[in-house]
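Chemist: what shape does this take:
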Amino acid sequence: MAEQQKQDGVREKLLASALTLFNNKGYAATSVREIVEASGVTKPVLYYYFGSKEGIYLELMNSSFAQFDASLDRMTTISGTAAAKIIHFCSLLLVLVIDRLEVLRLIYAIYYGPPQGAPPIDFEDYYSRIVATVEALVKEGIAQGEFVANDTRDTAWIIVSILNTTMEEQLCQTPPRIDSRQMERMLGMVLQGLMTPG
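Modeler: This next block holds a predicted model:
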């Protein structure tokens, strides 16, 4: 048991060191040597756990996206109104973002920044799935008579825009100006406008 904890600790230290270096220097400018020096281990240890710098990058991305997938899976078990489900979904994603803020910072740098030679990840697919999930919930609300008929795609983008702005506020170097409660209030205002009268 103690040996397994030690191995988990080394693995986590490598991941944390790589993430810090990727964010501070960029993926392309970070070397395996720097990662292992920051972790206090040798190159063979990194190769044992991850195979390469690409492997450690992919683990950072894949573990984060596995949590995202789990959040999507949880949506099928949530009961309540469509409005409540939308707010819950956005709140779940915001918690995930806050818990993995440095990974999100790296994703933004890779996605919006210059090419860095990182292994390709289909970031667009994940964003499209967020929009599709919200749109499905809007359609559910219309079908149940909770929301008035509307352009579900436009409505989904409005909702995702609030979520996205809140997520990006967490990345700022200053304290975020929007928190989860404010996001939920803004979502509530939008969703209230969609409610069927009466």
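Chemist: run through who's touching stretch 43-59.
Modeler: For stretch 43-59, contacts defined as CB atoms under 8 Å, 6 or more residues apart in numbering pick out 10-11, 14-15, 18, 22, 27, 30-33, 35-36, 39, 118-119, 121. Heads up, the C-betas are built off the backbone N, CA and C, glycines and all.
Chemist: mind giving me the ChimeraX command for buried ones among those?
Modeler: Of these, the buried ones go into a single ChimeraX selection, burial set by 16 or more other CB atoms under 10 Å:
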select :10,11,14,15,18,22,27,30,35,36,39,118,121
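Chemist: where does pLDDT dip in this structure?
Modeler: 1-7 (pLDDT under 70).
Chemist: how about the residue nearest the centre of the chain: what's its closest non-neighbour residue?
Modeler: By CA atoms, centre = their mean, the mean C-alpha position of the chain lies nearest to residue 97, the distance being 4.7 Å. Spatial nearest neighbour of residue 97, excluding adjacent residues (CB to CB, 6 or more residues apart in numbering): residue 167 at 4.9 Å.
Chemist: next one: the one you found from residue 101, what distance?
Modeler: Distance, residue 167 to residue 101, using CB to CB, to the nearest Å: 9 Å.
Chemist: before we move on, what about residue 156?
Modeler: From residue 156 across to residue 101, the span is 25 Å (CB to CB).
Chemist: okay, these two: which has more neighbours?
Modeler: Neighbour comparison, residue 156 and residue 101: the larger count goes to residue 156, with 21 against 13 (by other CB atoms under 10 Å).
Chemist: that one: what's it in contact with?
Modeler: With CB under 8 Å, 6+ apart, residue 156 has these contacts: 131-132, 134-135, 138.
Chemist: can I get those in CSV including secondary structure and distance to residue 114?
Modeler: Output for the contacts of residue 156, formatted as CSV (DSSP: H, G, I helix; E, B strand; the rest coil; distance: CB to CB, whole Å):
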residue, secondary structure, distance to residue 114
131, helix, 26
132, helix, 29
134, helix, 31
135, helix, 32
138, helix, 36
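Chemist: neighbour-wise, give me the winner out of the residues you listed.
Modeler: residue 138 (26 neighbours).
Chemist: measure that residue to residue 68 for me?
Modeler: Relative to residue 68, and taking CB to CB, residue 138 is found at 20 Å.
Chemist: quick revisit: check which residues of the helix or strand hosting the residue nearest to residue 97 are buried.
Modeler: Per DSSP states H and E: residue 167 is located in helix 152-171. For helix 152-171, the buried set under the neighbour-count rule, 16+ other CB under 10 Å, comprises 152, 155-156, 158-160, 162-163, 166-167, 169-170.
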